[in-house]
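Novice: Here is a sequence together with a model predicted from it:
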Amino acid sequence: MRTATSTLGLLAMAIGVAALFLIGLPAPVASQAEKYRVGVVTLLAGPFAASIGVPAKNGAEMVAEAINNGTLPAPYATKGVAGRSLELVVVDESTGTAKQVTEFRGLAERREVDAVVGYLVAGSCLAVAPVADELKMLTLLSTCSTPRIFEENDFKYVYRTSAHLTPDGVTAARYLLKRMPNVKTIAGLNWNMAYGQDAWRDFRLSVQTLKPDVEAINEQFTTFGGGQYGAEISALLTKKPTVLHTAFAGGDFEAFVVQMTARGLHQNIQMVMTAGAGSMYRLLDKLPDGVFIEDRGPYSVFARPTALGNWFRTTYEQRYGITPPYTAYHMGQAVLAFKIAADKASKGGAKPAPEEIGRALEQLKFDAFGTTVHMSRSRGHQAVTESAIGVYKFDKAKSVPTVVDVTYYPADCVNPPDGTKGEAWIKGGFKGARCD
Amino acid sequence: MATLAFIVADGVIYASWLFIVAVGMTLVYGVMRILNVAHGSLYALGAYTAATMVGAWFQRGYAPLGSFVLLLVAALVVGLVMGLILELGLLRFLHGRDEVVVVLATYATFLILEDVIQLIWGVEARPAPQPYSLLGTTTVGPLLLNNYDLALIALALLVGGVGWWALTRTIAGKLLLAVIFDREMAEACGINVRRVFLVTFLIGSVLGALGGASTAPMISVSRGLGVDVIVLAFAVVVIGGLGSIPGALLGAAVIGLSRAAAVHLLPQAEVFAIYLIMTLVLIIRPYGLLGHERLRKV
């Protein structure tokens, strides 16, 4: 009897403690466990919001919605991320580098995201990457073109699911010299920031490595968002280079094209525009035929017509009324990479730890939207893809912009091998490059 | 020699654009002692309105030359409407307040108007490039110049010339000068200072919007347009002397020529050149090249 009484008492106590424990649990934790919450960071204001920032947000939202509905083409048609729905928390990147660190901490600590994807601006990702490691927050950089992220650092929780800037310049140089082997002089017009300076350096070094007698006769670096290029155009008209390289994008690219065509700069100079393809749908016949053009990788007009590639482009065009630029693809493939890695790392009910999802990302090779992404550089933290370039041509009959004479370069032809810095690789004569 | 000719031509073109953008700002400061940060928004609104009107004009297939009239109409409509709203709805209540308070109020207005622009036009860029190439090009010796750029020089000369004539040769201008020199004495003499303020602000607003409207065909109008411009306009009026219209002309010329020289001779210094000049001027003449130290009334 005594034993029964004490057993009942212990049972009541256990139930009471359990009830108190359950009541004391914060309700959101239960709902948090049912879904994956992912921070999406991109430019939502400023001169580059329209051309590259908002399309990146659109790409993330479109892919996340398809993941939740299970409508992505095979092999990704399973609903959700490891059985859970995906919720995006969108944050503006245009508020400055210092604010980005605060925003990143806010995402991790107050908004309790499971991962962060995004970042278009080199300054932002260089600032948040150390914080990501400090907070052990899995971070998938979508664009953030600077090679310095992994060339000068060794982050544990940071990954980049698109190629960095170096292949753009190498691709442009290889294509230029194949089509114009007698180039004598080159000039550059780029932004006076890491992106512009790195883009010009990689292109110039690549051209001069492949053809050492080419002379760089004019290097212009302008204000980001400057918009007025009269003096730069005059300087280029005076110097008369054979080739002009620019990595301008968005509003500045469009302003430069309008101003330079009005003064006929393109008539005697071969234009090489490594990030301009996204603007061709706005410029139409204002962009002169014959320009060598890229879209920072095999995206947009260069995306391969695979089931995934066609789905991405068609769905985006139907939904937003315009062809997606490279940042939309970059962001889409970052969200997709998160799903693939989380699915792979998932073992039954519990959410995998960030480290487990990270390990699943390393050396991952997956079909994305019109290209294949391989996380094969910087210990599996840096992706490579093939690259693409072609010649712009406006189809007057159909009134649509097109790119002809497109050439694709294998990833191992235009990306430095693992463990090699881009600049050193180019200067050393592209050792280990496989272009067949 | 060709390089020198290009430096002068590019410098004068850039200075003309800067003068059109900055003259309204310095006029408002000269008369009302208001450093109007929202001038950048008037510029952006002028550019967006002009781009929208020009786009619709060409879409309907109207006579191309009519688009130039649209640029002026856009500047007038934006300047007058926004000028009235800002002066009667905000600035009138701030007269006599500390200049810093007024700057903060106009900065807040600038931020609000940035969001208003996004609400109206969204985040998509608005290219309206047709007028920029309509006038063709002119070759002068080694120089190949776009006639639209030359038209900007003519517009700047017209704005400066009309401004000078109105200030020095008309009764209204003399009343304005009286207010600039001593507001209290002008009021005591019977000048309706409030009306002078309103008219001045409307003119300043139209000039700000004209800067944006005349720039629209040269660029792809997009978010954040007013931010860069307000920094440049501020540099112009500070170099020339806050409130001095001839100073704005001189400041624009100094910046235009130094930037063009940097682009042609030392491209790496292009961004740096403008602010180096501003710093040097402020060290040598803290009130700008044509500005004067103002006595504080106690």
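Specialist: On my side now, so go ahead.
Novice: For stretch A:316-328, buried residues please.
Specialist: A:Y316, A:Y320, A:T323, A:P324, A:P325, A:Y326, A:T327, A:A328 (16 or more other CB atoms under 10 Å in any protein chain shown). Using the backbone N, CA and C atoms, a C-beta is placed for each residue, glycine as well.
Novice: what about that stretch, how long is it end to end?
Specialist: End-to-end distance for stretch A:316-328: 9 Å, by CA to CA, to the nearest Å.
Novice: Identify the residues contacting it?
Specialist: A:42, A:51-53, A:55-56, A:58-59, A:62, A:120, A:142-143, A:275, A:277-278, A:281, A:295-297, A:299-301, A:312-313 (CB atoms under 8 Å, 6 or more residues apart in numbering or on different chains).
Novice: Please enumerate the strands of chain B.
Specialist: Counting by DSSP state E, chain B has strands at residues B:126-127, B:137-140, B:143-146, B:220-221.
Novice: Distance from the chain centre to stretch A:90-105, please.
Specialist: 17 Å (CA atoms, centre = their mean, to the nearest Å).
Novice: Can you give the contact residues for that stretch?
Specialist: A:39-46, A:48-49, A:53, A:57, A:60, A:106-107, A:116, A:118-121, A:123-124, A:127-128, A:131-132, A:135, A:137, B:224.
Novice: from memory A:R379 sits against A:E362, does it?
Specialist: Yes. Between A:R379 and A:E362 there is a contact under CB atoms under 8 Å: 6.7 Å.
Novice: Tell me how chain A divides into domains.
Specialist: A:1-28, A:30-164+A:303-384, A:166-301+A:386-427 (automatic domain parsing).
Novice: TSV for these, including distance to B:V54 and mean pLDDT?
Specialist: Listed next are these as TSV, based on distance: least, CB to CB, whole Å; pLDDT from 0 to 100:
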stretch	distance to B:V54	mean pLDDT
domain A:1-28	51	44
domain A:30-164+A:303-384	18	93
domain A:166-301+A:386-427	13	93
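Novice: closest to B:T139 out of these?
Specialist: Minimum separation from B:T139 across the domains of chain A (CB to CB) falls at domain A:166-301+A:386-427, 10.3 Å.
Novice: Check the offset of that closest one from the chain's centre.
Specialist: The answer for domain A:166-301+A:386-427 is 18 Å, by CA atoms, centre = their mean.
Novice: cool, and stretch A:154-168?
Specialist: Distance of stretch A:154-168 from its chain centroid, counting by CA atoms, centre = their mean, is 9 Å.
Novice: That stretch: which residues count as buried?
Specialist: A:155, A:157-168.
Novice: now for those, which pair is the farthest apart?
Specialist: The distance between the two most remote of those (CB to CB) is 26.6 Å, for A:Y157 and A:D168.
Novice: Note down every partner strand of the worst-scoring helix or strand of chain B on mean pLDDT and its orientation.
Specialist: The weakest-scoring helix or strand in chain B, judged by mean pLDDT, DSSP states H and E, is strand B:126-127 (a mean of 83). Partner strands for strand B:126-127, per DSSP bridges, with pairing direction: strand B:220-221 (antiparallel).
Novice: Now do the contacts for the residue most central in space within chain A.
Specialist: Chain A has A:T143 as the residue nearest its centroid, 2.3 Å off, counting by CA atoms, centre = their mean. A:T143 makes contact with A:I52, A:A56, A:Y119, A:L120, A:S162, A:R296, A:Y326, A:T327, A:H330, A:M331, according to CB under 8 Å, 6+ apart.
Novice: For the stretch 201-350 of chain A, which segments count as helices?
Specialist: Along the stretch 201-350 of chain A, counting by DSSP state H, counting those that start in this stretch, helices occupy A:230-239, A:250-262, A:280-283, A:307-320, A:326-345.
Novice: now those helices in TSV, with distance to A:N415?
Specialist: Listed next are the helices of the stretch 201-350 of chain A as TSV, based on distance: least, CB to CB, whole Å:
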stretch	distance to A:N415
helix A:230-239	30
helix A:250-262	24
helix A:280-283	25
helix A:307-320	20
helix A:326-345	16
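Novice: Show the backbone phi and psi for A:T95.
Specialist: Main-chain torsions, A:T95, degrees, to the nearest 10: phi -90, psi 10.
Novice: Give me the neighbour count for it.
Specialist: By other CB atoms under 10 Å in any protein chain shown, the residues close to A:T95 number 16.
Novice: ok, now how distant is it from A:E317?
Specialist: Separation of A:T95 from A:E317 (CB to CB, to the nearest Å): 30 Å.
Novice: Near chain B, which residues of the stretch 1-150 of chain A are found?
Specialist: Within the stretch 1-150 of chain A, the positions near chain B by CB under 8 Å from any CB of the partner chain are A:L44, A:A45, A:G46, A:P47, A:F48, A:A49, A:A50, A:S51, A:G53, A:V54, A:S94.
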